[in-house]
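**Q** Provide a 3D model corresponding to the input given below.
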Amino acid sequence: SSLSLQILFYANGIYYIFYFLATLAMIVYKSQVYSYPDSFLAPDLALLFIMAFLEALRLYLGSKGNLTEEEAPLGLSLVLTVGSALLCVYFLLWQTYVLKADVILSAVLLFTYGLESVLDIVAIAAFVS
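**A** Residues are numbered from 1 along each chain as shown. Have a look, this model is predicted:
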């Protein structure tokens, strides 16, 4: 198994908890301070919770695949990374109000997704051969 990938999964899990709580707090803040349309509040919150579910599943499959040296869970984790990255881009660019804190948090998360994807591919290649 890849130690660096496992460390990154662990660090990403901790960072995602921070990301989720900070994004949730910012959505609540934006709904109170700005004229946040009610029709956009529920979808933004729903997407955040969907992203949390995907992230938990992605990290579980990635860690399991890495520790057991199986390609299938790591491959599924890689596919889920694409979905999580798309949701992260939504919170970076397309949500109703985007603050500088949103940009910074999402940029860091996208960077870790990219790094994990590279290490996922390297680990899968090592497990296959």
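
**Q** if I look at the nearest residue to residue 92 once chain neighbours are set aside, how far off is residue 127?
**A** Excluding its sequence neighbours, the residue lying closest to residue 92 (C-beta to C-beta, 6 or more residues apart in numbering) is residue 106, at 3.7 Å. All C-beta spots, glycine's among them, are computed from the backbone N, C-alpha and C. Going from residue 106 to residue 127 by C-beta to C-beta, to the nearest Å gives 31 Å.

**Q** that older thread, looking at it, the residue nearest to residue 92 is touching residue 91, isn't it?
**A** Yes: between residue 106 and residue 91 there is a contact at 5.3 Å, judged by C-beta atoms under 8 Å.

**Q** Would you enumerate the residues in contact with residue 99?
**A** Going by C-beta atoms under 8 Å, 6 or more residues apart in numbering, residue 99 touches 26, 30.

**Q** Kindly state the pLDDT recorded for it?
**A** Per-residue confidence for residue 99 comes out at a pLDDT of 96.

**Q** ok so, going back, tell me the confidence at the residue nearest to residue 92?
**A** Reported pLDDT for residue 106: 98.
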